[in-house]
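sequence and predicted structure are below.
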Amino acid sequence: MTSPEDQQVLDLIYQALLKRWPESRIEPTLDRIAALCDALGSPQLSYPTIHIAGTNGKTTTARMIDSLFRELGYRTGRFTSPHLESFLERISINGLPIPAEGMIATYNDIALYLDLIDSRLPHPISFFEAMTALAFVAFAEFPVDIAIIEAGMGGEWDATNVVQSQVSVITPIGLDHQEYLGNTIAEIALTKSGIIKHESHVVMAAQPVDAATALTARVIERVAIPYREGLEFSVTKRALAVGGQLITIKGIFDTYEDIFIPLYGAHQSTNAAVALAAAEAFAGVALDEEVVRRAFASVESPGRLEVLYRDPTVIVDAAHNPHGAHALAETLAREFDFESIFGVVAILGDKDVVGVLTELEPVIDRLVVTQSSSDRALPVDRLFELAIPIFGADRVYKEGDLRTAITYAMEQCTLINQVSEGISAVVVTGSVVTAGQTRAIVRSIAGFSE
């Protein structure tokens, strides 16, 4: 439990970080982060790393890899982004968010170096660069045996790309952040392939043809060793199970049968196969099957098809692009038996809003549009305008804020469930910010807190 005094210090640290260049902007250079890491003594080189890039599934895959290595007896560090509720979530040590005192000590260690680099370069260190450096230093100080590092945006120019990873992981690639990464799948894949290091191991999820072509070219250029889903490894069997799914994975070195994962969706079985292949590639041998069972059985992925409440059922998912919305819609259609679904959507203004709504339309019976507290949130009136041609005016409602929208949807579902033999549910989605706020709101509505 964080003391009130430590929480005050954390709030000051977070506000200081937020005054920096926002993480929604990137610049094609590693100069600032490289200079900062050099000044700090290159902490990111003091432990082996697995580096993850891709459009969707990065955070869950990172959590799965982390769980596998902890079961293998490693002390792990995990860096992911963005966070759901607290910026401490981004830096995980042995499966838990960095404690308050750890963040405070680490920030104090690097604060003067942030100021030093700020004074020497045309642009100051950004929010994401500072968070990346905090993670690198925290992992070196712990110290960890291995770090699992998720790229923030893209790959080649991402601040995390100063690591020298033994294994690079590329999760499924789709269209997102086109203003920075490129307008085509091939261009985005080329940018993300920049994390691949010379003579490293590269684990790739199944990709669109254009992405696969770009990734393969980079693998050849870097003389790397590829492991491709569908060729060197694959999910060979998948069945629904109570609370998740049961899968069999043909790994790089062995086959692992009847592995339970407490997560929903075919995309999560892909994430599991990629995570297992990454751990095998790093180890160079097959893993103990019981270790694999324990690791996957304990995996959690907050904000990703997460059931928050049961009466009525409330599910939250951080889908924020058409690729993620498609996976959400497919899972709702195939793995849940709801009579009707109230969708609550709050999305950011720089996203493919029409693409997301179009993917969700077949599974959402009634849609409540709203907006999150993010400065980048699409105004609710504009979202309402975009939703009507896709859903029809009789299926779309609007509420000015997320709490009101969720409360309204839960009340309507409760009324329907009282007079119907089937079960209606609420599904909240649109962004990571939306998912994080939803978790806090539903806890509040349910009358408990962490």
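Yep, it's here. Residues are numbered from 1 along each chain as shown.

residue 324 reaches residue 305, doesn't it?
No - counting by CB atoms under 8 Å, residue 324 does not reach residue 305; the two are 10.4 Å apart. C-beta here means a position set from N, CA and C on the backbone, and glycine is covered the same way.

mutual contacts of the two, please.
Shared contacts of residue 324 and residue 305, defined by CB atoms under 8 Å, 6 or more residues apart in numbering, comprise residue 317.

for residue 123, which residues are in contact?
21, 27, 32.

gap between it and residue 30?
Counting by CB to CB, to the nearest Å, the separation of residue 123 from residue 30 is 13 Å.

for the stretch 251-400 of the chain, what spans make up the strands?
Counting by DSSP state E, counting those that start in this stretch, the stretch 251-400 of the chain has strands at residues 255-261, 306-310, 313-316, 340-345, 366-369, 396-398.

can you list the buried residues in the second one?
Buried residues in strand 306-310, defined by neighbour count with 16 or more other CB atoms under 10 Å: 306, 308, 309.

name the nearest residue to residue 132, ignoring sequence neighbours.
Among residues not flanking residue 132 along the chain, residue 159 sits closest, at 4.4 Å (CB to CB, 6 or more residues apart in numbering).

remind me which residues of the chain are low pLDDT?
Applying pLDDT under 70 to the chain flags the ranges 176-181, 448-450.

looking at it, which helix is longest?
helix 100-120 (DSSP state H).

the helix or strand that that one is followed by: how far from the chain's middle?
Going down the chain from helix 100-120, the next helix or strand is helix 127-141, by DSSP states H and E. Distance of helix 127-141 from the chain centroid (CA atoms, centre = their mean, to the nearest Å) equals 18 Å.

and the next helix-or-strand element following helix 127-141, what does it pack onto?
Following helix 127-141 in sequence order, the next helix or strand is strand 146-150 (DSSP H and E). Judged by 3 or more CB pairs under 8 Å, 6 or more residues apart in numbering; DSSP states H and E, strand 146-150 is in contact with strand 49-53, helix 58-71, strand 76-79, helix 127-141.

domains for this protein, by residue range?
What automatic domain parsing lists as the domains of the chain is 4-297, 306-446.

and the end-to-end length of the last one?
Distance between the boundary residues of domain 306-446 (CA to CA, to the nearest Å) amounts to 16 Å.

how much space between residue 240 and residue 413?
23 Å.

same check on residue 266?
26 Å.

pick out whichever of those two has more residues nearby.
More neighbours surround residue 413 than the other of residue 266 and residue 413, with 23 against 16 (other CB atoms under 10 Å).

verify the contact between residue 292 and residue 68 for me.
Yes - contact criterion CB under 8 Å: residue 292 and residue 68 qualify, at 6.9 Å.

any shared contact partners between the two?
Joint contacts of residue 292 and residue 68 (CB under 8 Å, 6+ apart) are residue 276.

quickly find the element holding residue 15.
Residue-wise, residue 15 maps onto helix 4-18 under DSSP H and E.

and the nearest residue to residue 131 once chain neighbours are set aside, backbone torsions?
Among residues not flanking residue 131 along the chain, residue 90 sits closest, at 5.9 Å (CB to CB, 6+ apart). Backbone torsions of residue 90, given as degrees, to the nearest 10, read phi -70, psi -30.

against residue 441, how distant is the residue most central in space within the chain?
Central residue of the chain (CA atoms, centre = their mean): residue 59, 3.3 Å from the mean position. Counting by CB to CB, the gap from residue 59 to residue 441 is 21 Å.

again, but for residue 255
For residue 255, the distance to residue 441 equals 43 Å [CB to CB].

which one's more surrounded, these two?
residue 441 (21 against 14).

contacting residues for that one?
With contact taken as CB under 8 Å, 6+ apart, residue 441 is in contact with 402, 403, 406.

what is the neighbour count of the second one?
Think residue 403. The number of residues packed around residue 403, counting by other CB under 10 Å, is 18.

buried only: go through the contacts of residue 123 for me.
21, 32.

in strands, which of the contacts of residue 123 fall?
Among these, DSSP state E puts none in strands.

same list, the contacts of residue 123, but as CSV with distance to residue 85 please.
CSV is the format used below for those (distance: CB to CB, whole Å):
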residue, distance to residue 85
21, 23
27, 28
32, 28
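
my guess is residue 265 contacts residue 324. True?
No - judged on CB under 8 Å, residue 265 makes no contact with residue 324 at a distance of 10.6 Å.

confirm that residue 41 sits in a helix.
No - looking at residue 41 with DSSP: H, G, I helix; E, B strand; the rest coil, it is coil, so not inside a helix.

please list all residues in contact with it.
With contacts defined as CB under 8 Å, 6+ apart, residue 41 has no neighbours.

same check, this time on residue 61
Taking CB under 8 Å, 6+ apart, we find residue 61 in contact with 52, 54, 169, 171, 271, 274, 275, 278.

for the third one, which non-adjacent residue is closest in space?
Nearest-residue entry for residue 169: residue 52, 4.4 Å, with adjacent residues in sequence omitted and distances by CB to CB, 6+ apart.

for residue 111, see how far away that neighbour is.
28 Å.

looking at the two, which one has more neighbours?
Using other CB under 10 Å as the criterion, residue 52 and residue 111 rank with residue 52 on top: 32 against 13.

so who does the more buried one touch?
Contacts of residue 52 (CB under 8 Å, 6+ apart): 58, 61, 62, 65, 148, 149, 150, 151, 168, 169, 170, 171.

again, only using 10 Å
Residue 52 is in contact with 58-59, 61-62, 65, 78-80, 148-151, 155, 160, 165, 167-171, 192, 195, 203, 274-275, 278, counting by CB atoms under 10 Å, 6 or more residues apart in numbering.

repeat that for residue 402.
344, 346, 368, 370-373, 377, 380, 428, 430, 433-434, 437-438, 440-441.

recalculate using a threshold of 6 Å.
By CB atoms under 6 Å, 6 or more residues apart in numbering, residue 402 lies in contact with 346, 370, 372, 437.

considering the residues you listed, which possesses the most neighbours?
Top of the contacts of residue 402 by neighbour count (other CB under 10 Å): residue 346, with 29 neighbours.

how near is the residue nearest to residue 199 when sequence neighbours are not counted to residue 198?
Nearest residue to residue 199 in three dimensions, chain neighbours excluded: residue 223, at 5.3 Å (CB to CB, 6+ apart). In this view, residue 223 and residue 198 are 6 Å apart by CB to CB.

nearest to residue 329 among the buried residues of strand 306-310?
residue 306 (16.3 Å; CB to CB).
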